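# Got a predicted model here, sequence first, then my questions.
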Amino acid sequence: MNKQDEDRLRQLEEENRKLKDYIRLLENKNNTLDNTVQPKESTNVDPSKFYAYQEVDKLLTNQQISRFSRHLLLPEIGVKGQAGICNGSVLVVGAGGLGAPCLLYLAAAGVGRIGIVDFDRVDISNLQRQVIHTEDRRDQPKVTSAAISVKNLNSSIQVDTYDEPFETHNGLDLVSKYDIIVDASDNVSTRYMVNDACIIAKKPLVSASAVRFDGQLTVYNYGPDCPCYRCLFPEAPPAETVTNCADGGVCGVVPGIMGCLQALQVLELLMIKGGGGDGLNVLSRRMVLFQARDTTFRTVQLRKRSPTCAVCGDHPSITQLSHMGAPACAAPRSFEAISSVLNADNRASVMQLKDVMDSQGEPGGKYLLLDVREPVQFDIASIPGAVNVPLKDIKSKPQQVEELINNVGGDPSNFPVYVMCRRGVASVSATKALVTQKSFGNVKNVDGGIDEWIRLVDQRFPSY
Ligand SMILES: Nc1ncnc2c1ncn2[C@@H]1O[C@H](COP(=O)(O)OP(=O)(O)OP(=O)(O)O)[C@@H](O)[C@H]1O
């Protein structure tokens, strides 16, 4: 360490010591004001020595000084940084896996006004990672549940709840009410809408995603040459290439980590806005990639803002919000609509499958029940007698199915094959793949799959 650094360090230590004394003094003063607490005797500190900290009194209340003292002790945060946090406002889109930890840390850090927008209700499968919700709040709006937890943590902040989707008609209005926006949603359409709204309303956007064991984080629309989401992804990816947590799964801690990192970026932005945040580098034009399998973080440089970007480019064509892909809260396509592409001969209802099972016994010798889910899902639960051949194998090696039929002495040209999956989507593809093979003469998709089986036949089958 050089002499200059040593001097600076000594100076900081001295300032910290004084600040600690000052905080102690104020704590004593607060306690005196609070009649339930006996006043502590001040040590031998003379308040007249602390004229240098008069400014503190103006930026933060005494209660805030006591509450956030551990922040104030950090030179990077200091009084101005904390005041920036306390006076700041943040809108969090999505109170799910990312939003839950992010909201809790924003509240704990004292962000003055927090807006929460989500249209969903608390489901038991959320609790594995959405730590802001609780068992007794099942079926409650997520925004209400999140607001309760946030207020329990810090009653002094203002919480605005929006029990509705962030949409084309309300997005701009919502964004314009807050300093910083957090995208904690889970779908492409919302990502584009939130991005575009932030560009149009000139707000920094802290964006993250988490699925399986992977997380990503960046800050858009902040600093010179910073690209926006649309600069990086001008076209929405095909729907079938996007994996969400409900289908792909997610290790609960991963969104926890990424949501905390989002909170950190928000706090840095607010500190800087308040005039503090010395030495803090906001994650703009860089993206953090977290890989939980071997616990690695990687930071990659992002390309510059694109001058041809449709929303932040030199000649933007987008000035209003619109959808890229299906709206987040639109009802998913019904299984009836999905299976209607098949001929009636190639379809069976779950009740028809049940009748076959009741009359002919478990699948095996007289008919085949092909479960085309991934093995990891088949292992969760399956119908007795079902055989697991994942969709990709059916497409690449349909002869596997022929072998299964041959093994029980059947003739593929008329042996009944029922094809099933979780929701009746993959099974339609599998049925189509088998039907196009001339060798199979009696293939039926089980419409609606296991979800429908649970609804109409067996409620004891675990839903996931
Ligand atoms: N346009 C939107 N407006 C408001 N909230 C949204 C929007 N799009 C997504 N969300 C919310 O973002 C949250 C994302 O959370 P998460 O990724 O953990 O998924 P989930 O839907 O809660 O759970 P799962 O995918 O396992 O069913 C959800 O609560 C969802 O309702």
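Received the coordinates, thanks.
# Quickly note the distance from whichever residue of the chain sits closest to the ligand to V206.
Proximity of the chain to the ligand (C-beta to the nearest ligand atom) peaks at G96, 1.9 Å away. All C-beta atoms are positioned from the backbone trio N, CA, C, and that covers glycine. Note on G96: its distance to V206, by C-beta to C-beta, to the nearest Å, is 15 Å.
# Which one's more surrounded, these two?
V206 (31 against 23; other C-beta atoms under 10 Å).
# what secondary structure does the more buried one sit in?
strand (DSSP: H, G, I helix; E, B strand; the rest coil).
# give me every residue that touches it.
180-183, 217, 219, 262, 265-266, 269 (C-beta atoms under 8 Å, 6 or more residues apart in numbering).
# Quickly list what it is bridged to.
Bridge pairing for V206 (DSSP bridges) gives the partners V182, V219.
# Next one, pLDDT for it please.
On pLDDT, V206 comes in at 98.
# about what we covered before: and the residue of the chain closest to the ligand, helix, strand or coil?
Applying three-state DSSP: G96 is coil.
# Now for the closest residue to it other than its chain neighbours, how many residues are close by?
Among residues not flanking G96 along the chain, Q130 sits closest, at 5.5 Å (C-beta to C-beta, 6 or more residues apart in numbering). Neighbourhood size, Q130 [other C-beta under 10 Å]: 27.
# Which of the three states applies to Q130?
Q130 falls in the coil class when you classify it by three-state DSSP.
# residue contacts, Q360?
When contacts are counted by C-beta under 8 Å, 6+ apart, Q360 touches 366-367.
# Relative to P416, how far out is it?
Distance, Q360 to P416, by C-beta to C-beta: 9 Å.
# Can you pull the residues that touch both of the two?
In terms of C-beta under 8 Å, 6+ apart, Q360 and P416 are both contacted by the residues 366-367.
# My guess is the residue of the chain closest to the ligand contacts D120. True?
Yes: applying C-beta atoms under 8 Å, one finds G96 in contact with D120, separated by 7.3 Å.
# shared neighbours, the two?
The contact sets of G96 and D120 overlap at K142 (C-beta under 8 Å, 6+ apart).
# so what's the residue of the chain closest to the ligand up against?
Listed by C-beta under 8 Å, 6+ apart, the contact partners of G96 are 118, 120, 126, 130, 142, 184-186, 255.
# now these as a markdown table including distance to V242?
Below are the contacts of G96 laid out as a markdown table (distance: C-beta to C-beta, whole Å):
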| residue | distance to V242 |
| --- | --- |
| D118 | 20 |
| D120 | 18 |
| N126 | 20 |
| Q130 | 20 |
| K142 | 22 |
| A184 | 17 |
| S185 | 12 |
| D186 | 10 |
| P255 | 16 |
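# Keep these, but drop any that are not near the ligand.
Taking C-beta under 6 Å from any ligand atom, the overlap between these and the neighbourhood of the ligand is 118, 120, 126, 130, 142, 185-186.
# Strands of the protein, residue ranges please.
89-93, 113-117, 158-162, 180-183, 205-211, 214-220, 286-291, 296-301, 347-348, 368-371, 387-388, 417-420, 443-446 (DSSP state E).
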